[in-house]
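[1] sharing a model that was predicted from the sequence below.
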Amino acid sequence: MKLPFYMKGILLSCLFLNGCKQMPDLPPYVVLNDPKDAKSDVLRKLAEPLTFPLSREDREIVQILTTKFDSEENCAGLAAPQIGFSKQIIIFAVNDDPLLKKWRADLVQTMPKTLWINPNYEPIGKEKHTDYEACFSVDDLAGPVARFKTIRYSAYTPEGIRVEGTAKGFLARLIQHEIDHLKGRCFIDYVSEDELLPLEEYRQRRKNKMGS
Ligand SMILES: [Zn+2]
């Protein structure tokens, strides 16, 4: 999740940020709606679960995904298939950021940078909240997605320690978005075509709404 500096917190994506600092050796994003991207199948299949202790290859993928995440400014989350690895690994963070809170009114729970292996979730209750998302794996589009407001998650740390808990609001949205990538799903699957907006138009609308 990357956001323009003036819109930090609006998108679930790190797209188009002037401040993006791509590391030279990091793999590029696989993009679903780019007909030239021959690797986009990786985003449409169930990612492989990992076994513990992690193999050397899996440890390397963990490191690459972490470095990719760290190289983005204001990036909320990434999943391994987004950089071409069909593995059940996600990384994300929701920080206590006033600007992010301003734009994500449902940001009621934070979580420092977290890397999970083989994560899963199930909804608690049926209540959903609709908000806009975008994604590194979808070029130039944002759209409204209804997500469960509260989920119960479970996952493993890279050391193989099981973690579980409850996530609410924006954090729950982010976790659902990232775990979807491990199941071959993407936010555009939930959005009708006439609801999708070019990113710039979406940003402008949000900016106008912000009154700046
Ligand atoms: Zn995404």
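    In hand now; what should we look at?

[2] what residue is smack in the middle of this structure?
    Nearest residue to the geometric centre of the chain (CA atoms, centre = their mean): Gly77, 3.8 Å.

[3] how about that one: what's its closest non-neighbour residue?
    Phe92 (3.3 Å; CB to CB, 6 or more residues apart in numbering). Heads up, the C-betas are built off the backbone N, CA and C, glycines and all.

[4] now do Gln109
    Leu171 (4.6 Å).

[5] does the one you found touch Ala93 like I think?
    No - under the criterion of CB atoms under 8 Å, Leu171 lies out of contact with Ala93, with a separation of 9.6 Å.

[6] the two - which one has more neighbours?
    Counted by other CB atoms under 10 Å, Leu171 and Ala93 do not tie: Leu171 has more neighbours, with 24 against 19.

[7] the more buried one: which element?
    Under the criterion of DSSP states H and E, Leu171 resides in helix 169-182.

[8] how distant is that helix from the center of its chain?
    The gap between where helix 169-182 is centred and where its chain is centred comes out at 6 Å by CA atoms, centre = their mean, to the nearest Å.

[9] and it, average pLDDT?
    Per-residue pLDDT values across helix 169-182 average out to 98.

[10] and the next element down the chain from it?
    Using DSSP H and E, the next helix or strand after helix 169-182 towards the C-terminus is strand 197-198.

[11] check what contacts that following strand and list those residues.
    Contacts of strand 197-198 with the rest of the structure, by CB atoms under 8 Å, 6 or more residues apart in numbering, involve Asp140, Leu141, Ala142, Gly143, Arg205.

[12] any idea how many residues pack against the residue lying closest to the first one once chain neighbours are set aside?
    Nearest non-adjacent residue to Asp140, counting by CB to CB, 6+ apart: Leu199, 5.1 Å away. Burial of Leu199, expressed as a neighbour count using other CB under 10 Å, amounts to 18.

[13] ditto for Glu193
    Other residues lying near Glu193 total 8 when counted by other CB under 10 Å.
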